[in-house]
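In: Next come a sequence and a model predicted from it.
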Amino acid sequence: MREITDNEIILLIRNGEKSAFSHLVRRHQKCVLRISQRFLKDLSLAEDVVQESFIKAYERLHTFEARSSFKSWLIQIAINTAKNKLRDRREDSTDMSTIPIAIAAIAESHLVHHSVSKSLQVYIDELPQKQKTALVLRVYEDLSFKEIAEIMECPYDTAKANYRHALLRLRDELKDQLDLRQWAEKASANNHEGEFLSMEAE
C-alpha cells in the first residue's frame, strides 16, 4: 500500500483534520533532532528546538506553498530556531561559528577511535558557517543539493560550491593526519564518491 505523502497530509490538515499533523511529527522529528543537536551540542536545547520548530511549522502551515519539500521547509525552520537559541545564550559568548557539530552515528561507525572523532570535529568546527551547514546537510543527512539550496535559501550552484569548498578545506587539513586520513578513506568508500581525498580543485 502506498504511503501517504507529506503534501497529502498537509491537504488533510487544511481540510480540517488537525490531528493528521502528528503524522508529520512522527515522520520528521528524528531528523530535526539530529540537526538541532549538531548545531547546539545540547540535548535539552535540541529537544526544545524540535518542539518549537513543529509548533512554528503548524502555525505557519498556511504559508507553505510546496515549492520545496515539507522536509526542507521544516529543516529551514529548525536551523533558524537553533540560531535564535544560540543568540539567546550570548552571555556565554557562544555563536554559530564556535558551536561544535557532532559526528553522525553512521559516520561514527567508521571512526578509528574516539580521539579521531574529536579531532575531526575540530576541523569541521573551523569551517565557515555556510560551508559547515552544507557539509552537515549533505554528508550526515544525505540531502540533495536542491534540498540544501532550498534550506539555505541560495542558488543550487552556491549550495554545491559551499559543500565543495568545505570538502577541499577538510582534505587539505587531513592530508597530514594519518588517523584522520584513515577515517576519511573509510568514510569516502561509503559517502559521496570519495570526495574527501580524491577531489581536485578546479
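Out: Cool, got the structure. Numbers count the residues shown, from 1 in each chain.
In: Grab the most central residue of the chain for me.
Out: Taking CA atoms, centre = their mean, the centroid of the chain lies closest to Leu137, which sits 3.6 Å from it.
In: how close does that one sit to Leu170?
Out: In this view, Leu137 and Leu170 are 15 Å apart by CB to CB, to the nearest Å. (C-beta placed from N, C-alpha, C; glycine too.)
In: Run a quick neighbour tally on Gln29.
Out: Neighbourhood size, Gln29 [other CB atoms under 10 Å]: 16.
In: does it really touch Phe54, like I thought?
Out: Yes. Between Gln29 and Phe54 there is a contact under CB atoms under 8 Å: 7.4 Å.
In: Show the contacting residues for Arg26.
Out: Going by CB atoms under 8 Å, 6 or more residues apart in numbering, Arg26 touches no other residue.
In: C-terminal to the helix or strand hosting it, what's the next element?
Out: Take DSSP states H and E as the rule and Arg26 turns out to sit in helix 21-40. Remark: after helix 21-40, the chain's next helix or strand is helix 43-59, criterion DSSP H and E.
In: residues of that next one that come out buried?
Out: Buried residues in helix 43-59, defined by neighbour count with 16 or more other CB atoms under 10 Å: 45-50, 52-54, 57.
In: could I get those as CSV with pLDDT?
Out: Shown next, in CSV, are the buried residues of helix 43-59 (pLDDT from 0 to 100):
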residue, pLDDT
Leu45, 91
Ala46, 92
Glu47, 94
Asp48, 94
Val49, 95
Val50, 95
Glu52, 96
Ser53, 96
Phe54, 96
Ala57, 96
